[in-house]
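*Asks:* coordinates for the following, if possible.
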Amino acid sequence: MPGTGKKEDARIQVTKNGPYMVTGSIPLVKQILVCDKKGNSIGWREGERYPLQETYALCRCGGSRTRPFCDGTHLTNKFDGTETASRRPYLERAGWTEGPDIRLSDAPGFCSHARFCVRGKGIWDLIGQSGSEKAKRTTLEMAANCHSGRLVVWDKKTERPLEPVFEKSIGLVEGPVGGMLGPLWVRGGIPIIAADGFPYEVRNRVTLCRCGRSSNKPFCDGSHMQG
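*Replies:* Numbers count the residues shown, from 1 in each chain. As a prediction, this is how the structure comes out:
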């Protein structure tokens, strides 16, 4: 059943071989990847905020001339939007890396290749050093910047995730160089409904494909980086 446009009805509906129908007055804003001089991913910078709309359709095929919005190109470019992503919950798919007082869950199937996790010797090595306050802070920062939600840090004492706090919003990911378009960064626990009505697990952050080439639809698998 379509949403009404009210905030309490915020949701993203995947349509069959068509766009994402967004309802519930969800803010839409560009999120630009920030890299250091060596090309390492180090953070995010907010860009343009689009005028708030109660409902809107976002391109899923990658061919729209009015991106990020749908212009109907999926009707003529033979876009196959068949959803192939696993429907198992995140924790059933995750492996674990242990640190002194925190632990890292890692579900590679969610990865969209922003590469925050491979800075230095990588987050998996760093978490083993997280008895150091500096190493712990860096581990938390790297995991929080993982926009796909592949990586989550947990407090071992409370067994609770140490997650960044987001408003319900959609980020249009762009690379550090103009024209490099990434996925849709869905933030703040927005429900995503499959074309057949299946409700995907609601998570704090996930990334949806908007290039049309992912083999993990509707989620991003990094295919946009192949040109």
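
*Asks:* ranges for the helices of the chain?
*Replies:* Counting by DSSP state H, the segments of the chain that form helices are 90-93, 123-127, 133-144.

*Asks:* how far does the shortest one sit from its chain's centre?
*Replies:* Helix 90-93 has its C-alpha centroid displaced from the chain centroid by 16 Å (Cα atoms, centre = their mean, to the nearest Å).

*Asks:* with just CA atoms, put it into PDB.
*Replies:* Only the C-alpha atoms of helix 90-93 are listed here, as PDB (Å, rounded to 0.1, in the frame of the first residue of the first chain):
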ATOM      1  CA  TYR A  90      22.400  -8.800   8.700                       C
ATOM      2  CA  LEU A  91      23.600 -10.700  11.800                       C
ATOM      3  CA  GLU A  92      23.000 -14.100  10.200                       C
ATOM      4  CA  ARG A  93      25.400 -13.100   7.400                       C
END
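
*Asks:* show me the contacts for the residue lying closest to Lys168 once chain neighbours are set aside.
*Replies:* Take Lys168 and drop its neighbours on the chain: the residue closest to it by Cβ to Cβ, 6 or more residues apart in numbering is Gly188, 3.8 Å away. Using the backbone N, CA and C atoms, a C-beta is placed for each residue, glycine as well. Residues near Gly188 by Cβ atoms under 8 Å, 6 or more residues apart in numbering: 166-169, 204.

*Asks:* want to throw the residues you listed into JSON lines with pLDDT, distance to Thr73 and neighbour count?
*Replies:* Shown next, in JSON lines, are the contacts of Gly188 (pLDDT from 0 to 100; distance: Cβ to Cβ, whole Å; neighbours: other Cβ atoms under 10 Å):
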{"residue": "Phe166", "pLDDT": "96", "distance to Thr73": "30", "neighbour count": "15"}
{"residue": "Glu167", "pLDDT": "95", "distance to Thr73": "30", "neighbour count": "9"}
{"residue": "Lys168", "pLDDT": "98", "distance to Thr73": "28", "neighbour count": "17"}
{"residue": "Ser169", "pLDDT": "98", "distance to Thr73": "25", "neighbour count": "17"}
{"residue": "Asn204", "pLDDT": "98", "distance to Thr73": "31", "neighbour count": "17"}
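
*Asks:* what is the nearest of those residues to Lys38?
*Replies:* Phe166 (28.1 Å; Cβ to Cβ).
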